[in-house]
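Student: just a sequence and a predicted model for now, questions to come.
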Amino acid sequence: TALMSEASTARAQVERANGMILRLVSGQAPHLDRAWSTFSRRVTETLHREQRQLLQQQSSLDKGRDRLLSQQRMALQLAQDRFSRLGAGLCVAERQRGLFAASRVASLSMALITKETSRLELASTVFDKTNPLALLGRGFALVRGPGGEIISSAQQARDAGKLDLAFADGHVIAEVAKAQ
């Protein structure tokens, strides 16, 4: 359920980001819409694929853990029956072995859960690092010329004269001053 909740939260964040980006780039060139659509689809597909894989792995881990626990319980029950027949000395040693086995199963299950949690955190980090809104929110700006073309160098900015600077919270039109 934690994975489902995290996936749902991630999906809601992606949808909010989609809405904010659409508002940010509305009125821009059609190639931005296509690029955003492709990016959004790929991010969504990646998140869905990762979520499905994590859910399948979690289900597989749960089944394996349940199977192991069931086997261990049966083994413990058989061992207890045997212990009662063998006597007090053997009973203590076998019981300790059973507890060790159960402890080991619990430890292995926790290690697998920790590993999968780390993978989910990594997927979330990758999403955060590739989210264009996150970049704008960290102080970066998207610089466009008067025709909507992306400006990526100082020379292009000087040649353009006027620039449209897109920040996380809106746009600013700037005029390039001539260097002296």
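Tutor: That came in fine, so what should we check first? Numbering: from 1, shown residues only.
Student: buried residues, stretch 71-91. List them.
Tutor: 72, 76, 79, 83, 91 (16 or more other CB atoms under 10 Å). Placement of C-beta: from N, CA and C, glycine included.
Student: same thing with stretch 6-19?
Tutor: Residues of stretch 6-19 classed as buried by neighbour count (16+ other CB under 10 Å): 6-7, 10, 13-14, 17-18.
Student: closest to Ser109 among those?
Tutor: Nearest to Ser109, judged by CB to CB, of these is Glu6 at 19.5 Å.
Student: any idea how far Leu47 is from that closest one?
Tutor: Using CB to CB, to the nearest Å, Glu6 is found at 10 Å from Leu47.
Student: wait, is Val172 part of a strand?
Tutor: Yes: per DSSP: H, G, I helix; E, B strand; the rest coil, Val172 lies within a strand segment.
Student: number of residues surrounding it?
Tutor: Val172: 10 surrounding residues under other CB atoms under 10 Å.
Student: ok, Leu112 next?
Tutor: 16.
Student: how about the contacts made by it?
Tutor: The contact partners of Leu112, taken as CB atoms under 8 Å, 6 or more residues apart in numbering, are Leu61.
Student: tell me which element it falls in.
Tutor: helix 88-130 (DSSP states H and E).
Student: what does Leu69 give?
Tutor: According to DSSP H and E, Leu69 maps onto helix 30-86.
Student: if you count contacts, what does that helix end up packed against?
Tutor: Helices and strands touching helix 30-86, by 3 or more CB pairs under 8 Å, 6 or more residues apart in numbering; DSSP states H and E, are helix 2-24, helix 88-130.
Student: what is the subsequent helix or strand relative to the longest one?
Tutor: Read in the C-terminal direction, the helix or strand following helix 88-130 is helix 132-137, with elements assigned using DSSP H and E.
Student: list the helices and strands that following helix packs on?
Tutor: Helices and strands touching helix 132-137, by 3+ CB pairs under 8 Å, 6+ apart, are helix 2-24.
Student: which non-adjacent residue is nearest the residue nearest the centre of the chain?
Tutor: Geometric centre of the chain, nearest residue: Ser124, 2.3 Å, by CA atoms, centre = their mean. If the residues on either side of it in the chain are set aside, Ser124 comes closest to Ala10, at 6.7 Å by CB to CB, 6 or more residues apart in numbering.
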